[in-house]
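S.K.: My questions concern the predicted model and sequence given below.
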Amino acid sequence: MRRDSQLQLVFDSAPVIAPSMLKCDFSDLGGEIAALDRAGSRVLHWDVMDGHFVPNLSYGAMVIAAQRKRTEQLFDAHLMIADPARYLDDFLAAGCDAITFHLEAVPEPRALLRAIRTADRLAGLAINPGTPVDALRPFVDDCDVLLIMSVEPGFGGQAFLPAAIEKVRQARALAGPKKIVSVDGGIGPSTIAECARAGANLFVAGSSVFDTDDYSAAMRVLRDIAGPCRNSLS
């Protein structure tokens, strides 16, 4: 089965909790992935930061590629970088199953979205808190994923911005029932329900998973809260 089809099947069983590897213990990356495997995680979210598009550095394609053989989980790459097209082949070769980049970095994203889809991966567009959802409208047909940032990108552990809920609702209305609407930043037990009601079906969770002693229990709590709240469109 094509990797994009496998990923779509995962999201068809929403809500999906995708642990954000930005918050993991980097001194034991392999151990963290193994623990998430045991916890039943199906998608890992890789936040790639370049110190230019966002004021922080994280990791690149080489680190992700080194982890690909450790797990069958699907890799969701979120490129918070200034020139994603330049590095697309690296992230494809690293085994990323979904690749999302920012509209603020690529104002004319069609060619890059189509290149990702041509490689049989899911293609996503992300927007920062200050960018209106309507800016995504011309490109929705070329997207599989719309990602709403619910914090300013660049650092983990930030507080959720409530204005993101309405943006998720608008994104779901724009996307229709079949596409993935993701929300990233400050997702935890107190914020996930409203995001699910608004139409999100992929929830990137950092601190609310990694700052606990039991990843399985933490993810189960999030799924149990989000599941009954799912927007009818999702």
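M.R.: Thanks, I have the structure now. Just so you know, these numbers come straight off a predicted model, no measurement behind them.
S.K.: Would you double-check that Pro19 falls in a strand?
M.R.: Yes - Pro19 forms part of a strand when assessed by DSSP: H, G, I helix; E, B strand; the rest coil.
S.K.: Quick check, it in contact with Leu36.
M.R.: Yes - between Pro19 and Leu36 there is a contact under CB atoms under 8 Å: 5.7 Å. Where C-beta positions appear, they are placed from N, C-alpha and C, glycine not excepted.
S.K.: Pull the number of nearby residues for the residue nearest to Met149 when sequence neighbours are not counted.
M.R.: The shortest distance from Met149 to any residue other than its chain neighbours is 5.2 Å, reached at Asn128 (CB to CB, 6 or more residues apart in numbering). Asn128 has 18 neighbours, counted by other CB atoms under 10 Å.
S.K.: ditto for Ala205
M.R.: 26.
S.K.: Now do the same contact list for it.
M.R.: Ala205 sits next to 17-20, 187-188, 192, 218-219, 222 when contact means CB atoms under 8 Å, 6 or more residues apart in numbering.
S.K.: ditto for Ala35
M.R.: Ala35 sits next to Tyr215 when contact means CB under 8 Å, 6+ apart.
S.K.: for Pro84, same thing?
M.R.: Contacts of Pro84 by CB under 8 Å, 6+ apart are 99, 101-102, 105-106, 112.
S.K.: Tell me the spacing between it and Asn201.
M.R.: Pro84 is 23 Å from Asn201, where distance means CB to CB, to the nearest Å.
S.K.: Read off the pLDDT value for the closest residue in space to Leu57 that isn't next to it in sequence.
M.R.: Sequence neighbours aside, Gly51 is the residue nearest to Leu57 in space, at 4.4 Å (criterion: CB to CB, 6+ apart). Here, the pLDDT recorded for Gly51 equals 91.
S.K.: same thing with Gly157?
M.R.: Reported pLDDT for Gly157: 69.
S.K.: quick one: contacts for the closest residue to Ile180 other than its chain neighbours?
M.R.: Once flanking residues are discounted, Ile180 sits nearest to Val145: 4.4 Å by CB to CB, 6+ apart. Residues near Val145 by CB under 8 Å, 6+ apart: 98, 100, 122-125, 179-182, 202.
S.K.: And the residues you listed, which is closest to Leu57?
M.R.: Thr100 (18.7 Å; CB to CB).
S.K.: dump the residue contacts of the residue lying closest to the closest one once chain neighbours are set aside.
M.R.: Computed as CB to CB, 6+ apart, the closest residue to Thr100 that is not its neighbour in sequence is Gly124, at 3.1 Å. Taking CB under 8 Å, 6+ apart, we find Gly124 in contact with 78, 98-101, 143-147, 180, 182.
S.K.: coming back round to it: can you go through the contacts of Val145 and name the buried ones?
M.R.: By neighbour count, with 16 or more other CB atoms under 10 Å, these hold 98, 100, 122-125, 179-182, 202 as buried.
S.K.: Point out the ones among these that are inside helices.
M.R.: Using DSSP state H, no member of the buried ones among the contacts of Val145 sits in helices.
S.K.: would you turn those residues into JSON lines with distance to Leu161 and pLDDT?
M.R.: Compiled in JSON lines, the buried ones among the contacts of Val145 are given as follows (distance: CB to CB, whole Å; pLDDT from 0 to 100):
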{"residue": "Ala98", "distance to Leu161": "23", "pLDDT": "96"}
{"residue": "Thr100", "distance to Leu161": "19", "pLDDT": "98"}
{"residue": "Leu122", "distance to Leu161": "25", "pLDDT": "95"}
{"residue": "Ala123", "distance to Leu161": "25", "pLDDT": "97"}
{"residue": "Gly124", "distance to Leu161": "20", "pLDDT": "97"}
{"residue": "Leu125", "distance to Leu161": "19", "pLDDT": "98"}
{"residue": "Lys179", "distance to Leu161": "22", "pLDDT": "93"}
{"residue": "Ile180", "distance to Leu161": "21", "pLDDT": "94"}
{"residue": "Val181", "distance to Leu161": "16", "pLDDT": "96"}
{"residue": "Ser182", "distance to Leu161": "15", "pLDDT": "97"}
{"residue": "Leu202", "distance to Leu161": "18", "pLDDT": "96"}
